[in-house]
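# With the input below, show me the fold.
(chains A and B)
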2 protein chains.
Amino acid sequence: MRFLDLIEAKKRGDALAPDRWSAAIRAIVAGGVPDYQIAALLMAVRWRGMDAAEAVALTEAMIDSGERWKFDAPPGPLVDKHSTGGVGDKVSLVLAPLAAACGCAVPMVSGRGLGHSGGTLDKLETIPGFRTDLSREAFARQLDAIGVAMGAQTEHLVPADRILYALRDATATVDEPGLITASILSKKIAEGASALVLDVKVGRGAFLGSIEATRELALRLLSTARGAGLATTALLTDMDQPLGRAVGNALEVREALACLRGEGPEALRQITLELTAEMLLLGGIERSRDRALQLATRELDAGAALEKFRDLIAAQGGDPAIVDAPDRLPAATDTGDLVATADGFLLDLDPLAVGRASVALRAGRDTREAAIDPGAGVVLHAVRGEEVRAGQPWATMHFGSGADLDTAARLLERAATFGDAAPSPRPLIIERHA
Amino acid sequence: MRFLDLIEAKKRGDALAPDRWSAAIRAIVAGGVPDYQIAALLMAVRWRGMDAAEAVALTEAMIDSGERWKFDAPPGPLVDKHSTGGVGDKVSLVLAPLAAACGCAVPMVSGRGLGHSGGTLDKLETIPGFRTDLSREAFARQLDAIGVAMGAQTEHLVPADRILYALRDATATVDEPGLITASILSKKIAEGASALVLDVKVGRGAFLGSIEATRELALRLLSTARGAGLATTALLTDMDQPLGRAVGNALEVREALACLRGEGPEALRQITLELTAEMLLLGGIERSRDRALQLATRELDAGAALEKFRDLIAAQGGDPAIVDAPDRLPAATDTGDLVATADGFLLDLDPLAVGRASVALRAGRDTREAAIDPGAGVVLHAVRGEEVRAGQPWATMHFGSGADLDTAARLLERAATFGDAAPSPRPLIIERHA
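As a prediction, this is how the structure comes out:
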């Protein structure tokens, strides 16, 4: 195979046969293809797209580029969740222990935040001592023992994805549905999941713009997962406002702990229960959505998920005392309020601007290498539809050294729209595709 | 400027403003842009194309990437010719000395052959001692002295083009009209030409397929040249058959010498006179095409062009005795004939296949690094429309060691179509655009 011929074929708009995709990925991982040829192929793929068979073929070729994990004695069906990312999305912190408490085994390989989107690894690492760099063996032992492990992609898990992702990121080719699909699904299949729930975000805080493009991605993910033998359900959920009240790593862990104690916030609780219920259905633990929702609600309210989270922290070297004493989590040195200038209602809060404000406060990173401040972020005292009083703070910025407070404040002020009457409510779960 | 933003903008289909093109080229030449980002931009340009203003901006940015040659006392208007390349195209060898003999100054920077297309430098270098690696100073001295110099692109002449061309070649992005245009015109303007005649080839031996795509390229070249201040005329000429009877480097020099002595072949003579006449018009040496054609014909037939070619060879270190004794040129060690199986007419001869046959005989190269055999090639005893006799050779292959004779013979046999009646003649000059 000449790699140049693949570029030429894709440039012309041809679909590449599975053996050409597998040869391409083998050559790339073997180091036999110069980066500029990979980059040209990626842009040609961004131009011409990939058909359903190509997405399956690329997914399988990427899985074959590294290890495929297997577990000796998982305590339940191997089910995972993936979110396309958003602002304030701490669902995994509640959902993974909850699903495990309900009888699933959750082998969750997660990522870091970039741009306005947060990342589960960054949040977990604010827990003192918590390690996310689990070896394959440690991951497997823990999954067999307590039914949940949350770690970073290892060097040997889908190495093709690391190469391609770094190049996509540097060549404006991240936003191609086939490439996105193969990247997500290859990691989930390689980590050992046999079923997957997808939380596909819709709205200004999501990485895709329109509902149509988002739905198309969800359907593409479903059909490719099916083609690759992974049972999958997708929920399209609202990311036109931040999820919950906390945006920022340790702040979100605190909010997740509150949710695990049954204290809300309501949106986080609802979306987590819905997604967990889908996992229970896919895992065969319950036969109906109502019963699955009941089981998840019961285990959450009974504190079983909180205890599972405590076990998870202990197993990964973290300080389990934070569960009862969240004040042991890192906190920002300074705070600053955004104050309402008149009585009224919060009509709208642009999650993209809130996410950018959190980056300005160093709760997130604009470049992969940037350091983050674990205690920094934004706490919303009012969310969409809630009342504000003149002179009262509607949000508080948490920050330390290196924060760009002016930018953060300006972004937050522009992000919020206030008015005299409460807006009509908006659904949290927008569509379900299975 | 972040280069990633340029890729993103081009990917979305934006036209890039002139200052962005110049910043991009400056960054590329300074070595500040990784090859994979350049490759991604090239494929995005191949996808979205370039508008007229962008092609002008890229051309000017590429000129500014290196030296811009000026001449102290050129003996006439600085006019050059560029051909988009073909099979048996030895026009430059006749045209450059002829135009100089007619009063133009011809600063011709040429290239090498690749694939089925030949290159002027390869042909000139078959002349014993002839040097094409002229310094800027040597080039200028010679142009001022005898009105014609034919050399290779130097290191400092449009360095951006070398970087971009190598990447285009490796990423299937050679065939983009804006990039082609900027590559051609930047070199011609940087070498000091103030007017340019374009010989844009049409047919199976040309690098673009259809007449429509070829015309579009010609019009693009004209409008961009105009935007960049270069007076230009384009002729669309036939490359649906080889030009003349010789294909192969020393063989073509012999044919060029024959043409300079007034011996034809007719197609080479006609196209050279037409293109030279356009140069005389653009240079202001004659006011009408008829008079320009008369002057060129007179100087060719008077032997003035032949004498100018002798001066050129001497000035560039070559053996001027080859002009009177072409047998001093390198010759292949072996020959092999292709014999007609029946009486009839040559109806058609696919130039692409003839070009490929010449590569198989090592008269050309498939990769940039391959060595060529200067004496190798094909001589056509019959061209389109001419009669053949059963048992008589219609073509002779010239070759030495390393030739793939079977492939060459098979290609030539398939290239030719014979029939009972002479085909209707086809025009050599298809369209003129000014």
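
# how deep is the residue in the stretch 301-434 of chain A positioned nearest to chain B tucked in, by neighbour count?
As assessed by CB to the nearest CB, chain B sits closest to A:T367 within the stretch 301-434 of chain A, at 11.0 Å. Yep, even glycine has a C-beta here, placed from its N, CA and C like the rest. Neighbour count of A:T367, defined by other CB atoms under 10 Å in any protein chain shown: 8.

# ok, now A:D406?
Neighbours of A:D406 (other CB under 10 Å): 9.

# and the one helix or strand it maps to, which residues are buried?
Assigned by DSSP states H and E, A:D406 falls within helix A:405-415. Within helix A:405-415, the residues scored as buried using 16 or more other CB atoms under 10 Å in any protein chain shown are A:A408, A:A409, A:L411, A:L412, A:A415.

# before we move on, what about stretch A:31-40?
In stretch A:31-40, counting by 16+ other CB under 10 Å, buried: A:V33, A:P34, A:D35, A:Y36, A:Q37, A:I38, A:A39, A:A40.

# Walking through the stretch 151-300 of chain A, point out its helices one by one.
Secondary structure of the stretch 151-300 of chain A by DSSP state H, counting those that start in this stretch: the helices cover A:159-170, A:177-190, A:211-227, A:249-260, A:266-282, A:289-301.

# Restrict the helix holding A:D406 to CA atoms and write it as PDB.
Extracted C-alpha coordinates of helix A:405-415, given in PDB (Å, rounded to 0.1, in the frame of the first residue of the first chain):
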ATOM      1  CA  LEU A 405     -10.400  38.100  36.700                       C
ATOM      2  CA  ASP A 406     -11.400  41.000  34.400                       C
ATOM      3  CA  THR A 407     -11.900  38.600  31.500                       C
ATOM      4  CA  ALA A 408     -13.800  36.100  33.600                       C
ATOM      5  CA  ALA A 409     -16.100  38.800  35.000                       C
ATOM      6  CA  ARG A 410     -16.800  40.300  31.600                       C
ATOM      7  CA  LEU A 411     -17.600  36.900  30.100                       C
ATOM      8  CA  LEU A 412     -20.000  36.000  32.900                       C
ATOM      9  CA  GLU A 413     -21.700  39.400  32.700                       C
ATOM     10  CA  ARG A 414     -22.300  38.900  29.000                       C
ATOM     11  CA  ALA A 415     -23.300  35.300  29.500                       C
END
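
# Give me the residues contacting that helix.
Under the contact criterion CB atoms under 8 Å, 6 or more residues apart in numbering or on different chains, helix A:405-415 has outside partners A:336, A:338, A:349-351, A:353-354, A:356-358, A:360-361, A:378, A:395, A:397, A:399.

# Residue numbers of chain A in contact with chain B?
A:4, A:7-8, A:11, A:34-40, A:42-44, A:46-47, A:167, A:170-173 (CB under 8 Å from any CB of the partner chain).

# Please repeat the previous calculation with a cut-off of 10 Å.
A:3-12, A:34-48, A:166-173, A:175 (CB under 10 Å from any CB of the partner chain).

# Tell me the buried residues within the residues you listed.
A:3-4, A:6-11, A:34-48, A:167-168, A:170-173, A:175.

# thinking again about what came up before, Three-state assignment for the residue of the stretch 301-434 of chain A closest to chain B, please.
coil (DSSP: H, G, I helix; E, B strand; the rest coil).

# residues touching it, list them.
A:L114, A:G115, A:D169 (CB atoms under 10 Å, 6 or more residues apart in numbering or on different chains).

# The second one contacts A:A206, correct?
No: with contacts counted by CB atoms under 10 Å, A:G115 stays clear of A:A206, the gap being 12.0 Å.

# And the strands in the stretch 101-250 of chain A?
A:106-110, A:148-152, A:195-202, A:231-238, A:246-247 (DSSP state E, counting those that start in this stretch).

# And the stretch 251-400 of chain A, by the same measure?
A:334-339, A:344-349, A:377-380, A:387-388, A:393-399.

# winner for burial among those?
strand A:377-380 (a mean of 26; mean count of other CB atoms under 10 Å in any protein chain shown).

# Which strands or helices does it pack on?
With contacts taken as 3 or more CB pairs under 10 Å, 6 or more residues apart in numbering or on different chains; DSSP states H and E, strand A:377-380 sits against strand A:246-247, helix A:249-260, strand A:334-339, helix A:351-360, strand A:393-399, helix A:405-415.
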